[in-house]
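S.K.: Here is a sequence together with a model predicted from it:
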Amino acid sequence: MRQLFLRRRRRAAGRMRLLAAAGSALLAARDAAAVHRVAAAATAELLDQVAPATATHLPVGDRSVPAEARDALDALRAQVALALERAALTAELTSRASVDPLTGLGNRELFSHRLREALAEPAAPGATLAVLLLDLDDFKTINDSLGHSHGDQVLIVVAERLRACLQPGELAARLGGDEFAVLLPRVADDAEAVAAAERLAASLRSPVTVSGREVLARASVGVRLARGGDEDPERLLRDADMAMYAAKNGGWGAVRVFDTAMHSRAVQRLDFEAALRRAVIRQQFTVRYQPVVELDGGRLAGLEALVRWDHPERGLVMPGEFVGLAEDTGLIVPIGRWVLHAACQAARDWQRRFPLERPPFLSVNLSVRQLQQPDLLEDVAGALDASGLDPAELMLEITESVLATDREAMLERLRGLRALGVHLAIDDFGTGYPSLAYLRHLPVDTLKLAKPFVDELLRGAEEAARANAILRIADLLKLQVIAEGIEQQAQALELERLGCRYGQGFHFARPLDQFAVEALLAAEQARYPATVARTGNRR
């Protein structure tokens, strides 16, 4: 009797050790499959321990379990159930941690993990992997004009289109914002990677319909191939990012392959951006003013304010070198605000010092970024109030590209500016968005005929007809026209013959500094002195 008791006690102790070992193994199991493997092994071992027993049995599959082992088996089942629940929760959390919740694509963590795995695998002969980085062009405008909820809908559609283009083994992920990445695990060369990138870019060229609106969601694509050796995932992504920005500089929807010169240019761009940010803080800018004249007689009609960067080492930097970067970084907003205030103050000071019968209007450019700012009207009103300049003597120039964004929002903003009493002009008219159909709805009163139309005036009747058509349309809509970029007397005469009243360009004067403007105003004052009290601009 004592021996039976001792045997049972030893078997019970063995079952406890088995349950403890199974519990540890189940805790270490990472997924449901591993849990089932541990459970099967523990059950088999438990049955092996108790099989010789002869007590009442309970059926379990094609084996039987003695009554003395029932508690141990129930305990094992409870452990397995908890382990399966834990494995399911772990799988769900892992999925959430690796999937972008908005688009359902992989996220940055998953992409980096898969990229590291792909780099660790031996490359097939004659093949390598490629990383494609896609960034939506001008997506900020979509968010700013339509709202972030509509922007999210665009991102979902973009993700669906990218997913539809994937080949077996390829991975698409959303890295954040409007930036996507695609991993091509096996490509032969640059040409194959570029072909894949162009296939993805092409899928995004058709408009996306969001709440009844058609929105363009094109993407610029950077390509970086692994070249062998000790490639690093972060370096591959960084280089693809540089190639993507090079693609953006080449035009929307473009594709570029990384080369080592891009890294040098990227470093230079970072340095240049840092210097530009310092310039904004220190207000290292100055304004030049290009005269606008009456083509019949050359009388001064206006002054267009043009910003220059007064760089402490390079001297005067022209806008073509920094305005693009300022637009990309948003620095154009404080720069534009500074120009507006400085030019309004200068114009009012000149009016006091050089009173004229018809004082020249002041023209200031507004970027699309500035037009998107909710406090733009307050900025303009503040510049007018601080300077004392009559709103009727200020002309704000916009580009045709504002019509490519949310037209209703832009129209509302433009109407608000007109309500302040300022004049509005479309700069470089005829070269951007096809706006003739919308022109009669815009609250503008002036068109600035783009330089390409002026350049082709003397090349033949067909070329001159294009400028003539714009002049006729402007006349029909009762809009003034200022021809830009006049460099020859013959161009000025032809424009005057066609009925254009105003012009500007190097033929009349280059952009002038403060002292040259004062000399010009003094000469105008001698020719056209103020004879009566002025109540407002003649326009």
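M.R.: Cool, got the structure.

S.K.: which ones are touching residue 131?
M.R.: Applying CB atoms under 8 Å, 6 or more residues apart in numbering, we find residue 131 in contact with 115, 181-184, 223-224, 226, 236-237, 240. The way it works is simple: take the backbone N, C-alpha and C, and place the C-beta from them, glycine included.

S.K.: least confident pick among those residues?
M.R.: pLDDT is lowest at residue 226 among these; the value there is 89.

S.K.: How confident was the prediction at the residue nearest to residue 416 when sequence neighbours are not counted?
M.R.: Leaving aside its chain neighbours, residue 416 sits nearest to residue 377 (5.0 Å; criterion: CB to CB, 6 or more residues apart in numbering). On pLDDT, residue 377 comes in at 96.

S.K.: so what's residue 377 up against?
M.R.: Counting by CB under 8 Å, 6+ apart, residue 377 touches 413, 416-417, 420.

S.K.: now do residue 318
M.R.: Neighbours of residue 318 in contact, by CB under 8 Å, 6+ apart: residue 308.

S.K.: mind putting the contacts of residue 131 in TSV, distance to residue 280 included?
M.R.: Shown next, in TSV, are those (distance: CB to CB, whole Å):
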residue	distance to residue 280
115	37
181	32
182	36
183	39
184	41
223	34
224	32
226	39
236	33
237	30
240	30
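
S.K.: Which one of the contacts of residue 377 is nearest to residue 463?
M.R.: Nearest to residue 463, judged by CB to CB, of the contacts of residue 377 is residue 417 at 34.3 Å.

S.K.: Let me see the ranges of the helices in the stretch 101-250 of the chain.
M.R.: 108-120, 139-146, 148-165, 190-203, 233-249 (DSSP state H, counting those that start in this stretch).

S.K.: Now do the buried residues in the third one.
M.R.: In this case it means helix 148-165. For helix 148-165, the neighbour count (16 or more other CB atoms under 10 Å) marks 150-151, 153-159, 161-162, 165 as buried.

S.K.: Against residue 258, how distant is residue 167?
M.R.: The gap separating residue 167 from residue 258 is 22 Å, by CB to CB, to the nearest Å.

S.K.: Looking at these two now, which is surrounded by more residues?
M.R.: For residue 167 versus residue 258, neighbours defined as other CB atoms under 10 Å are more numerous around residue 258 (23 against 10).

S.K.: three-state assignment of the residue nearest to residue 416?
M.R.: Assigned by DSSP: H, G, I helix; E, B strand; the rest coil, the conformation of residue 377 is helix.

S.K.: quick one: pLDDT of residue 369?
M.R.: Looking at residue 369, its pLDDT stands at 88.

S.K.: likewise residue 439?
M.R.: If you check residue 439, the pLDDT there is 76.

S.K.: same check, this time on residue 501
M.R.: pLDDT for residue 501: 96.

S.K.: One more: the one 5 residues further on?
M.R.: Reading off the confidence values, residue 506 has pLDDT 96.

S.K.: ditto for residue 2
M.R.: 57.

S.K.: Mind checking the helices of the stretch 101-250 of the chain for the one nearest to residue 445?
M.R.: Nearest to residue 445 among the helices of the stretch 101-250 of the chain is helix 139-146; the distance by CB to CB comes to 24.3 Å.

S.K.: So which other helices or strands are in contact with the closest one?
M.R.: helix 148-165, strand 213-215 (3 or more CB pairs under 8 Å, 6 or more residues apart in numbering; DSSP states H and E).

S.K.: hey, least reliable of those by pLDDT?
M.R.: Between these, the one with the least mean pLDDT is strand 213-215; it has a mean of 80.

S.K.: helix/strand/coil for residue 337?
M.R.: From three-state DSSP, the assignment for residue 337 is helix.

S.K.: re earlier: switch the helices of the stretch 101-250 of the chain over to a markdown table; also include distance to residue 172.
M.R.: Formatted as a markdown table, these follow (distance: least, CB to CB, whole Å):
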| stretch | distance to residue 172 |
| --- | --- |
| helix 108-120 | 9 |
| helix 139-146 | 17 |
| helix 148-165 | 5 |
| helix 190-203 | 9 |
| helix 233-249 | 14 |
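
S.K.: before we move on, back to that, tell me the one among the contacts of residue 131 nearest to residue 197.
M.R.: When the contacts of residue 131 are compared for distance to residue 197 (CB to CB), residue 223 wins out at 5.3 Å.

S.K.: List the beta-bridge partners for that closest one.
M.R.: Beta-bridge partners for residue 223, by DSSP bridges, are residue 132, residue 257.

S.K.: Quick check: it touching residue 254?
M.R.: No: counting by CB atoms under 8 Å, residue 223 stays clear of residue 254, with 11.1 Å between them.

S.K.: what about residue 37, neighbour count?
M.R.: 12.

S.K.: what about it, which helix or strand?
M.R.: Assigned by DSSP states H and E, residue 37 belongs to helix 32-50.

S.K.: Kindly report the same for residue 526.
M.R.: helix 514-527.

S.K.: helix or strand right after the longest strand seen in the chain?
M.R.: Counting by DSSP state E, the longest strand found in the chain is strand 300-311. Where DSSP H and E defines the elements, the next helix or strand beyond strand 300-311 is strand 315-317.

S.K.: What residues of that next one count as buried?
M.R.: By neighbour count on 16+ other CB under 10 Å, the buried set for strand 315-317 is residue 317.

S.K.: for the record, mean pLDDT for whatever helix or strand comes next after it?
M.R.: Where DSSP H and E defines the elements, the next helix or strand beyond strand 315-317 is helix 319-329. On average, the pLDDT along helix 319-329 is 91.

S.K.: where does the stretch 101-250 of the chain have low pLDDT?
M.R.: Low-confidence segments of the stretch 101-250 of the chain (pLDDT under 70): 145, 228-229.

S.K.: Now a ChimeraX select for only the buried ones of the contacts of residue 131.
M.R.: The buried residues among these can be selected in ChimeraX (16+ other CB under 10 Å) with this line:
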select :115,181,182,183,184,223,224,226,236,237,240
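
S.K.: I figured residue 311 hits residue 322, correct?
M.R.: No: look at residue 311 against residue 322 with CB under 8 Å: they stay out of range, at 9.1 Å.

S.K.: Between those two, which has more neighbouring residues?
M.R.: Ranked by neighbour count (other CB under 10 Å), residue 311 and residue 322 place residue 322 first, with 23 against 16.
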